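[1] return a 3D structure for these sequence lines:
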Amino acid sequence: MFLYFLFINLCLFTINFADDPNRLPTKCEVCKLLAQELTENFQEHNSPSVIETSYSLDDKQPKRTKYSDSETRLIETLENVCERFLQYNIHAERPGSLRYARGRSQTMETLWNLRNKGVKVVLDVPDTMWDAPSAEITQLKKYCEEMVEEQEENIEQWYFDKKVRNEISLEKYLCEDRVLKNRDSSCLREIYTPSNEETTHTQSKGDTGKADL
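    This is a model prediction of the structure:
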């Protein structure tokens, strides 16, 4: 049993942390992740169907518009986007903004594998809470909600200008050109590349270019 605990300690202390595991997200990181989640959400909800919108004073029939261009789609996306961050975990072995990602970190994956093999792993919290959102993730969600409220008009302008939407990524339009103008925007250039040690492949997200949203 002593060897098991020794092995666990070695696993925990030999991880090469690329970042302070308790560091809160920066404005650059929040904007980058928000833009990525919005873009992904828009792509997931890109139905070609036509929906009816409200009547105008001069019309006898309801207006019809594509769902993909509708205000309904935008509202639904903005209402739910920050909740998506509760699916994230801290991957402290990764640098900068890449530390925020879905899936278990290398540390937690190691601990779960040991537990599943029957090794007694003792942490400060019960194993039922190991995958619960950390304080840093909860703060990320809060910062996201604040940024959505502050930048709602800019997001709307990008969304309703279909030409701009198809030619300029939201990350560039919102983060690089507005939120982070004259600020540090280096996190926008950080792209995730899986290491040989990582067992779970996470597809990196980057500039969506001219994707039709």
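[2] other SSEs contacting the lengthiest helix in the chain?
    Counting by DSSP state H, the longest helix found in the chain is helix 135-160. Using 3 or more CB pairs under 8 Å, 6 or more residues apart in numbering; DSSP states H and E, the elements in contact with helix 135-160 are helix 27-44, helix 71-80, strand 88-90, helix 162-167. Glycine gets a C-beta too; all of them are placed from N, C-alpha and C.
[3] output these as a markdown table; include the columns mean pLDDT and distance to residue 180.
    Formatted as a markdown table, these follow (pLDDT from 0 to 100; distance: least, CB to CB, whole Å):
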| stretch | mean pLDDT | distance to residue 180 |
| --- | --- | --- |
| helix 27-44 | 96 | 6 |
| helix 71-80 | 94 | 20 |
| strand 88-90 | 90 | 21 |
| helix 162-167 | 95 | 18 |
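[4] I'd like the ones you listed as JSON lines, with distance to residue 154 appended.
    Formatted as JSON lines, the helices and strands packed on helix 135-160 follow (distance: least, CB to CB, whole Å):
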{"stretch": "helix 27-44", "distance to residue 154": "11"}
{"stretch": "helix 71-80", "distance to residue 154": "12"}
{"stretch": "strand 88-90", "distance to residue 154": "24"}
{"stretch": "helix 162-167", "distance to residue 154": "11"}
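[5] nearest to residue 156, out of these?
    helix 71-80 (6.8 Å; CB to CB).
[6] what residues does that closest one touch?
    Here helix 71-80 makes contact (CB atoms under 8 Å, 6 or more residues apart in numbering) with 38, 41-42, 45, 51, 53, 67, 148, 152, 155-156, 159-160.
[7] can you flag the buried ones in those?
    38, 41-42, 51, 148, 155, 159 (16 or more other CB atoms under 10 Å).
[8] isn't residue 90 up against residue 135?
    No. Taking contacts as CB atoms under 8 Å, residue 90 lies outside contact range of residue 135: 9.6 Å.
[9] give me the more crowded residue out of those two.
    Neighbours per residue, other CB atoms under 10 Å: of residue 90 and residue 135, the larger number sits with residue 90, 22 against 10.
[10] looking at the helices and strands packed on helix 135-160, which is closest to residue 143?
    Taking those one by one with CB to CB, helix 27-44 is closest: 4.5 Å.
[11] now the closest one and helix 71-80, what's the angle there?
    Per axes from the mean of the first three to the mean of the last three CA atoms, to 10 degrees, the angle that helix 27-44 makes with helix 71-80 is 140 degrees.
[12] packing partners for the next helix or strand after helix 27-44?
    Using DSSP states H and E, the next helix or strand after helix 27-44 towards the C-terminus is strand 50-52. Counting contacts by 3+ CB pairs under 8 Å, 6+ apart, strand 50-52 is packed against strand 64-66.
[13] name the helices or strands packed onto the strand it packs on?
    In this structure, strand 64-66 makes packing contacts with strand 50-52, judged by 3+ CB pairs under 8 Å, 6+ apart.
[14] pairing partners for the strand it packs on, with directions?
    Applying DSSP bridges to the sheet, strand 50-52 is found paired with strand 64-66 (antiparallel).
[15] list the buried residues for the partner strand?
    Quick answer for strand 64-66: no buried residues (16+ other CB under 10 Å).
[16] same check on stretch 32-50?
    Neighbour-count burial for stretch 32-50 [16+ other CB under 10 Å]: 32-39, 41-42.
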